[in-house]
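# Quick check, what structure comes out for this input:
(one chain, ligands or ions: 2)
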Amino acid sequence: MSDRHYAELAEKLARTGDLSDGEFLEVIECRDPEFSELLAEKAREVREKYYGKDVYLRGLIEYSNICRNNCRYCGIRRGNKNVERYRLTKEQIIECGDTGYELGFRTIVLQGGEDPFFTTERMAEIITELKERHRDCAVTLSIGELEKDDYRRLFDAGADRFLLRHETADKEHYSLLHPEEMSFDHRMNCLKTLKEIGYQVGAGMMIGSPYQKPEHLLKDLRFLQSFKPEMVGIGPFIPHHDTEFADREAGSVALTLRLLSVIRLILPDVLLPATTALGTLDPKGREKGLLAGANVIMPNLSPTNVRGKYLLYDNKICTGEEAAECIRCMERRVESVGYKVATVRGDHVSKRKE
Ligand code: 5AD
Ligand code: FES
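Ligands and ions are numbered 1, 2, ... in the order given. Sure thing, here's the model as predicted:
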């Protein structure tokens, strides 16, 4: 493929936010690093137009690793008997939130397995208290599939955003990654419901998950174009030794970076994290993610004694650091690539409250 052809593709994608199916497949399949750099340059231009040099931090509290689900790729799946399970108390969660606030976080993310102990009532209480203590903080939930009334109750309690990766936009691929009792349609319906309620919604998928083909990624891009989530979380698949996918290859960092650029170009104002999984496969992965168009980083705020237990995949980074160390480390990393950490809520441009 000629340089000129690449330049034209990158330019078309930047100008229209769209390509034909064949062109998207080329973008997914071509491995030329120079093409990646072209796309990254365009992606940086677009991100800087909407968000300048700001990088938003989200403080992640992994409040429970107990999960009723059995996703085949996930290290804390119900069927993994080798996990030491934990759940933080409400007081511990609030304390993490306080620490995060003092450190400058203005978004708290509550992430957990689908733990039945945390009923909608209990979650609502926690959200209410977090919001009362820190009025200028956003609360993001990453707590899985619930019914409409529950999502609404949590929104009314003050939750602002919700992360629920769609995992794959292909129904058959979905069924290869998940046990039979999990439903693609239900997950997609959850995403729709969350949007209707008024959350800023995050979708996303793993790159290089087992059985994934370029056509699946094409479907993911088409889904993102039509659903228009406010946030998109993508990271490479990384095998976990206690799952049936233990011997699978990890996803490609280069392809993840390239897709970050593509997602920035199809959804110009999207909130796009450089994920921990990316940082796990490459020591400079998150910095490279920022340079590919990402504008969000999600350092860990969980108490140090539980961090090593929230392991969705092997070799996860930042499991030994204190929250304060992590945030300083992140500030340095962000500055090393010419960006700066912004101490604001960092809402989607369409829902700015600050
Ligand atoms: N490798 C990479 N990402 C994973 N996730 C779950 N298991 C893995 C893994 N083995 C991702 C899923 C989930 C998010 C919280 O973490 O996409 O939605
Ligand atoms: Fe956690 Fe660097 S971000 S130690």
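
# Show me which helix runs longest in this protein.
helix 33-51 (DSSP state H).

# Surely residue 337 is in contact with residue 292?
No - taking contacts as Cβ atoms under 8 Å, residue 337 lies outside contact range of residue 292: 10.4 Å. Backbone N, C-alpha and C define where each C-beta goes, glycine included.

# These two - which one has more neighbours?
Higher neighbour count among residue 337 and residue 292: residue 292, with 28 against 16, using other Cβ atoms under 10 Å.

# Spit out the contact partners of that one.
36, 39, 40, 43, 257, 258, 260, 261, 264 (Cβ atoms under 8 Å, 6 or more residues apart in numbering).

# the strands in the chain, which residues?
54-57, 59-64, 107-112, 138-142, 161-163, 200-207, 231-236, 296-297, 340-342 (DSSP state E).

# Mean neighbour count and distance to ligand 1 for those - can I get that in JSON lines?
Shown next, in JSON lines, are the strands of the chain (neighbours: other Cβ atoms under 10 Å; distance: least, Cβ to the nearest ligand atom, whole Å):
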{"stretch": "strand 54-57", "mean neighbour count": "23", "distance to ligand 1": "18"}
{"stretch": "strand 59-64", "mean neighbour count": "26", "distance to ligand 1": "10"}
{"stretch": "strand 107-112", "mean neighbour count": "24", "distance to ligand 1": "7"}
{"stretch": "strand 138-142", "mean neighbour count": "23", "distance to ligand 1": "7"}
{"stretch": "strand 161-163", "mean neighbour count": "26", "distance to ligand 1": "8"}
{"stretch": "strand 200-207", "mean neighbour count": "25", "distance to ligand 1": "5"}
{"stretch": "strand 231-236", "mean neighbour count": "25", "distance to ligand 1": "5"}
{"stretch": "strand 296-297", "mean neighbour count": "26", "distance to ligand 1": "15"}
{"stretch": "strand 340-342", "mean neighbour count": "16", "distance to ligand 1": "23"}
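
# In CSV, list these along with mean pLDDT and distance to residue 86.
Shown next, in CSV, are the strands of the chain (pLDDT from 0 to 100; distance: least, Cβ to Cβ, whole Å):
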stretch, mean pLDDT, distance to residue 86
strand 54-57, 98, 24
strand 59-64, 98, 7
strand 107-112, 98, 10
strand 138-142, 98, 17
strand 161-163, 98, 21
strand 200-207, 98, 24
strand 231-236, 98, 23
strand 296-297, 98, 25
strand 340-342, 97, 29
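
# Adding distance to residue 305, write those out as a markdown table.
Below are these laid out as a markdown table (distance: least, Cβ to Cβ, whole Å):
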| stretch | distance to residue 305 |
| --- | --- |
| strand 54-57 | 23 |
| strand 59-64 | 12 |
| strand 107-112 | 16 |
| strand 138-142 | 21 |
| strand 161-163 | 25 |
| strand 200-207 | 28 |
| strand 231-236 | 25 |
| strand 296-297 | 23 |
| strand 340-342 | 26 |
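
# Make sure residue 71 is actually in contact with residue 80.
No - between residue 71 and residue 80 there is no contact under Cβ under 8 Å: 10.6 Å.

# Nearest to ligand 2 within the stretch 101-250 of the chain, name that residue for me.
Of all residues in the stretch 101-250 of the chain, residue 103 sits closest to ligand 2, at 12.2 Å by Cβ to the nearest ligand atom.

# ok, that residue - contacts?
Neighbours of residue 103 in contact, by Cβ under 8 Å, 6+ apart: 59, 323, 324, 327.

# what do you get if the cut-off is 6 Å, keeping everything else the same?
For residue 103, the contact set (Cβ atoms under 6 Å, 6 or more residues apart in numbering) comprises residue 327.

# Show me just the buried residues among the contacts of residue 292.
Buried subset of the contacts of residue 292 (neighbour count, 16 or more other Cβ atoms under 10 Å): 36, 39, 40, 43, 257, 258, 260, 261, 264.

# Out of those, which is nearest to residue 216?
For the buried ones among the contacts of residue 292, the closest approach to residue 216 (Cβ to Cβ) belongs to residue 258, at 15.5 Å.

# surely that closest one meets residue 37?
No - using Cβ atoms under 6 Å, residue 258 makes no contact with residue 37, being 9.8 Å away.

# what about residue 319, neighbour count?
The tally of other residues near residue 319 (other Cβ under 10 Å) stands at 16.

# how about the nearest residue to residue 331, chain neighbours excluded?
residue 341 (5.2 Å; Cβ to Cβ, 6 or more residues apart in numbering).

# sorry, that was for residue 29
Nearest residue to residue 29, sequence neighbours excluded (Cβ to Cβ, 6+ apart): residue 214, at 5.4 Å.
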